[in-house]
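Colleague: Got a predicted model here, sequence first, then my questions.
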Amino acid sequence: MAKTTPKAILIALPSPLPRKIAPCHTLIFQLYHRIQVLEKQKRRKNRDDFGRSSAQTSADTLEGPGKEIYDEIAAAITAEEQKRGITTSAKAHGGGGRKAPHSAKEETTETHKISDPVELLCPCCNVARTPMGFAVSYQLEHIPARYKRIKHVEFQYSCPKCRSNVIQASKPLQPIDKGYAGPALLAHVITSKVAHHLPLYRQEKIFANLGVPIHRSTMSRWLKQAADELTVIYDRMRVLILQGRFIYSDGTGMPYILKGSGQTQHGCIWFFGGDVQHPYKLYLFSENESGDHPWKFLKGFKGFLLTDGTNKYNQVLESEEETRAGAISAKCWAHVYRMYEDAKRAEEKLADYAMGVIKSLFRIERFALTLSEKECVAVRRQYSKPILDRFKIWLDEQKDTGAPTSLADAVKYTLNHWTALMQFVDNAFLKIHNNDSENALRPVVIGRNNWMFAGSAAGGKASAVLTSLVQTCLSLGINPEEYLTDVLIRLPGTPHTKIDHLLPDQWKALRDQANKQPVVQPLSA
């Protein structure tokens, strides 16, 4: 969810000022608390405006027991990796350098020869030089998009005798009934808007430059109609992720225009990610940030729900006090780390210990996630559990700190969510962070910066459906435009019992299987 900061309570100075020591101490404590809150707000605002968005404090800057714990764990895990021959360093990104990438689907060859006989003459022998070899270089070229108008002619047939009982041939079912947008054009507009964050007014200009005038209001209507058509796949993905072992979730603001008022309202986009067996990314638009929306979306889910510290999911989670069944809460250690990082920036050296422990957990995870689930749990119990037990003792010692500091807030938060933070130790499929949810919301934030708001609540809901399909495709390595083109062609004629074949992961599996099948050559006569 959006970052929240504690509110600074306005304190009215009494007049006259108190003369006794006890009321003076109370007033001083209140003023000190207000100063702490205001300084925290200022640090967080400076970090949001000018600092890095991710936690990047180097382990080299830590001091004391926290640094010792990290160095000890890093050495032990490095030895384990070397013993097993595992490398956990980040992979290099492709596409850099001066060579044209090999991923282009088409390749042509152009030969360049010297045809001038004078230029071919050898200056010393006065004989024409002959080819002795060649040099090869590659160039990547852009082929502009082409648009064509397809004319559908549907023949009619009647009886030659009675001239009645007329029948007519039918063109293929279309994604938009009586609309002129073909499946590939629809897929292109959706991908440009959702994956490439191009507002419709920019797409309108691009189409005009290509000689194909399409008004933005027409494209807006197409997006709504396409979303209505694709909702059946979205609903099926939702059913399947609720069957998984865990779901990770977060949310961010999404302004929208309230119909009839012309004014923007504060809506919300919620994200829900499935497990490995159900690798879908679903987005939900709501007209406010009420916890009723994730509760309705996740109704019936009994697995683990990985979130940050927001209370918006409380209705979804099981509660012994309220005798309510529900999902099992798991919390994010990266969120906890940022709180201690804020405390360190407030010159609170004690935060080094907590940061060293959490950095050690992440170093262990880089290694543990390369193993099988059984081995992952064993590594977490061997390395993570002991330092967490020591960390818990340290937290209990710090919780009685009277001063309302950033460190005290971080300690309180950690203890309040300790059970949820410990869930990852015995469940290998759980990550110790919810960064994947934040990364999944990044495209929404980038798009929001471009088009500023949703045109209506209905537009926000349509955008959520389309974003779900596009971002799921991108996470699975599928070209969303290729997927949407094929699905929009096949979906109108697909029975509900065969919808699973159009789910992104199954669509990819069927396509890969078809590409692997050998081509059977016809027998010669």
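Modeller: Sure thing, it's come through. Residues are numbered from 1 along each chain as shown.
Colleague: State the mean pLDDT of stretch 280-293.
Modeller: Stretch 280-293 comes out with an average pLDDT of 92.
Colleague: Convert the C-alpha atoms of that stretch to PDB, please.
Modeller: What follows is stretch 280-293, C-alpha atoms only, in PDB (Å, rounded to 0.1, in the frame of the first residue of the first chain):
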ATOM      1  CA  TYR A 280      -1.100 -15.400 -12.700                       C
ATOM      2  CA  LYS A 281      -0.900 -11.700 -11.900                       C
ATOM      3  CA  LEU A 282      -4.300 -10.300 -11.200                       C
ATOM      4  CA  TYR A 283      -5.200  -6.700 -10.600                       C
ATOM      5  CA  LEU A 284      -8.400  -5.300  -9.100                       C
ATOM      6  CA  PHE A 285      -9.800  -1.800  -9.300                       C
ATOM      7  CA  SER A 286     -11.900  -0.400  -6.500                       C
ATOM      8  CA  GLU A 287     -13.400   3.000  -5.900                       C
ATOM      9  CA  ASN A 288     -11.800   3.300  -2.500                       C
ATOM     10  CA  GLU A 289      -9.100   1.600  -0.300                       C
ATOM     11  CA  SER A 290     -11.600  -0.200   1.900                       C
ATOM     12  CA  GLY A 291     -10.500  -3.700   3.100                       C
ATOM     13  CA  ASP A 292     -13.900  -5.000   1.800                       C
ATOM     14  CA  HIS A 293     -12.400  -5.300  -1.700                       C
END
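Colleague: Helix, strand or coil: sort out Y283 for me.
Modeller: Secondary structure, DSSP: H, G, I helix; E, B strand; the rest coil: Y283 is strand.
Colleague: burial count for the nearest residue to it once chain neighbours are set aside?
Modeller: Distance criterion Cβ to Cβ, 6 or more residues apart in numbering; nearest residue to Y283, sequence neighbours excluded, is A464 at 4.2 Å. Heads up, the C-betas are built off the backbone N, CA and C, glycines and all. A464 has 22 neighbours, counted by other Cβ atoms under 10 Å.
Colleague: Secondary structure element for A464, which one?
Modeller: Assigned by DSSP states H and E, A464 falls within helix 457-475.
Colleague: Beyond that helix, next helix or strand please.
Modeller: helix 480-490.
Colleague: helices or strands up against that following helix?
Modeller: When contacts are defined as 3 or more Cβ pairs under 8 Å, 6 or more residues apart in numbering; DSSP states H and E, helix 480-490 sits against helix 183-194, helix 216-241, helix 457-475, helix 504-516.
Colleague: The first one to helix 457-475, inter-axis angle?
Modeller: Counting by axes from the mean of the first three to the mean of the last three Cα atoms, to 10 degrees, helix 183-194 points 100 degrees away from the direction of helix 457-475.
Colleague: hmm, back to that, can I assume the residue nearest to Y283 is in contact with K281?
Modeller: No. Contact between A464 and K281 fails when scored by Cβ atoms under 8 Å: they sit 11.0 Å apart.
Colleague: got the phi/psi numbers for the closest residue to L441 other than its chain neighbours?
Modeller: Among residues not flanking L441 along the chain, T252 sits closest, at 4.9 Å (Cβ to Cβ, 6+ apart). When read as degrees, to the nearest 10, the backbone of T252 gives phi -150, psi 160.
Colleague: Please name the bridge partners of T252.
Modeller: Beta bridges link T252 to I269 when assigned by DSSP bridges.
Colleague: Would you confirm that it contacts C268?
Modeller: Yes. T252 is within contact range of C268, at 7.1 Å (criterion: Cβ under 8 Å).
Colleague: And these two? Which one has more around it.
Modeller: Neighbour tally, T252 and C268, criterion other Cβ under 10 Å: the higher count belongs to C268, 23 against 18.
Colleague: and that one, what does it touch?
Modeller: Contact analysis of C268 by Cβ atoms under 8 Å, 6 or more residues apart in numbering lists G251, T252, G253, M254, F285, S286, E287, N288, E289, H293.
Colleague: Ok, R236 next?
Modeller: Residues in contact with R236, defined by Cβ under 8 Å, 6+ apart, are I499, D500, L503.
Colleague: show me where pLDDT drops low in the protein?
Modeller: Applying pLDDT under 70 to the chain flags the ranges 1-14, 40, 43-61, 63, 88-98, 319-324, 346-348, 401-404, 517-525.
Colleague: Where is the longest helix in it?
Modeller: Ordering each helix of the chain by length in residues (DSSP state H) puts helix 21-50 first.
Colleague: what helices or strands is that helix leaning on?
Modeller: Short answer (3+ Cβ pairs under 8 Å, 6+ apart): helix 21-50 packs on helix 333-345.
Colleague: Run through the neighbouring helices and strands of the helix it packs on.
Modeller: Packing partners of helix 333-345 (3+ Cβ pairs under 8 Å, 6+ apart): helix 21-50, helix 351-368, helix 406-416.
Colleague: Just checking, which helix or strand succeeds the longest one along the chain?
Modeller: Past helix 21-50, further along toward the C-terminus, the next helix or strand under DSSP H and E is helix 65-84.
Colleague: Can you point out the buried residues in that following helix?
Modeller: G66, K67, I69, Y70, I73, A76, I77, E80, E81 (16 or more other Cβ atoms under 10 Å).
Colleague: Export those residues as TSV, with columns for distance to E438.
Modeller: Formatted as TSV, these follow (distance: Cβ to Cβ, whole Å):
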residue	distance to E438
G66	25
K67	27
I69	26
Y70	24
I73	25
A76	29
I77	25
E80	29
E81	27
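Colleague: still on that earlier bit, for the residue nearest to Y283, what are its contacts?
Modeller: Per Cβ under 8 Å, 6+ apart, neighbours of A464: I269, Y283, L284, F285.
Colleague: of all those, which comes closest to P144?
Modeller: Using Cβ to Cβ, Y283 is the member of these that lies nearest P144, at 32.6 Å.
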